[in-house]
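Undergrad: Could you work out the structure for the sequence below:
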Amino acid sequence: MSEVKIITQKHFVEVNSYLIKTNSGFFLIDTGLPKKRSNLIQILEANGCLPGDLKLIIVTHGHFDHNGNTAYLSRKYGVRIAMHSKDSVMAESGDMFIEMKGLMVNAIRFLLPLIGMNKYETFKPDIIFDNENDLSDYGLTARVFHLPGHSQGSVGVLTSNGDFFCGDIFTNTGKPEKNSLIDNLLDYEESINKIKSKNINSIYPGHGKPFKINELVF
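TA: Have a look, this model is predicted:
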């Protein structure tokens, strides 16, 4: 049995982290914005998640808004970090645009430093995901699936009761929909087809409110 706490932070953009409480402890999916770090810590502590209670940080992808507090939380809570190998280069460089190209990327790369959202503290993941990984050994009855497209190392986390934490594969800022910010369209469409084959009930996006899968038009 698990409970999900939605932690929404806002600094120019709104982004979600998810705190999952289980009988074996807490799991955090994404770590949000460093500008809102004190608020994040307050929410963790208010929900009973203290140093020693957090079992694993799962990073859905290497972008700044989902990864800004990862290194800090790893130190504070003594917790391991798990993410896909394809995005670990972002984590180890602190540059979310490394190995990415294109006019939109260059525009965003130029704009983000102006609002203090270009780099985060570097770290090296402790656990590296590949194509599919079982999290039950860590105390969470869930599986991680590699879902490239938004980034090369994007992953989704699907629990045994059908809760799907999708990172930025989908958004719900206006309505539930596929993300328009795509690194590789072919990879993205293959990831969508993989998602269609899974037994999903509710989707928890990186941006916007959770929604039922039947609200999504593929």
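
Undergrad: May I see the buried residues of stretch 182-199?
TA: Across stretch 182-199, burial judged by 16 or more other Cβ atoms under 10 Å covers I182, D183, D187, Y188, S191, I192, I195. Backbone N, C-alpha and C define where each C-beta goes, glycine included.

Undergrad: In CSV, list those residues along with secondary structure, pLDDT and distance to R143.
TA: Listed next are these as CSV, based on DSSP: H, G, I helix; E, B strand; the rest coil; pLDDT from 0 to 100; distance: Cβ to Cβ, whole Å:
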residue, secondary structure, pLDDT, distance to R143
I182, coil, 87, 24
D183, coil, 85, 23
D187, helix, 95, 19
Y188, helix, 96, 20
S191, helix, 98, 15
I192, helix, 97, 18
I195, helix, 97, 13
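
Undergrad: TSV for those residues, including distance to H66?
TA: Listed next are these as TSV, based on distance: Cβ to Cβ, whole Å:
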residue	distance to H66
I182	16
D183	14
D187	18
Y188	17
S191	17
I192	20
I195	18
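
Undergrad: Check those against N201 and report the nearest one.
TA: Minimum distance to N201 across the buried residues of stretch 182-199 is 12.7 Å, recorded for I195 (Cβ to Cβ).

Undergrad: any idea which of the buried residues of stretch 182-199 is the one closest to A91?
TA: Among the buried residues of stretch 182-199, and counting by Cβ to Cβ, the member closest to A91 is D183, at 16.2 Å.

Undergrad: Following the chain past the least confident helix or strand in the chain by mean pLDDT, name the next helix or strand.
TA: Within the chain, judged by mean pLDDT, DSSP states H and E, the helix or strand with the poorest mean is helix 103-111; its value is a mean of 56. Moving toward the C-terminus from helix 103-111, the next helix or strand (DSSP states H and E) is strand 127-129.

Undergrad: Quick check: buried residues in the following helix or strand past that following strand?
TA: Scanning forward in sequence from strand 127-129 by DSSP H and E, the next helix or strand is strand 132-134. Neighbour counts over strand 132-134 (16+ other Cβ under 10 Å) mark N133 as buried.

Undergrad: Please state the offset of strand 132-134 from the chain centre?
TA: Centre-to-centre, strand 132-134 and its host chain are 16 Å apart (Cα atoms, centre = their mean, to the nearest Å).

Undergrad: Listing partners with orientation, what would you give for that strand?
TA: strand 142-146 (antiparallel) (DSSP bridges).

Undergrad: hang on, L28 packs against N16?
TA: No: contact criterion Cβ atoms under 8 Å: L28 and N16 do not qualify, at 11.4 Å.

Undergrad: Between these two, tell me which one has more neighbours.
TA: Between L28 and N16, counting by other Cβ atoms under 10 Å, L28 is the more crowded of the two (27 against 23).

Undergrad: got the contact list for that one?
TA: Residues near L28 by Cβ atoms under 8 Å, 6 or more residues apart in numbering: S17, Y18, L19, I20, L44, C49, L54, L56, I57, I58, L73, V79.

Undergrad: Okay then, goodbye and thanks.
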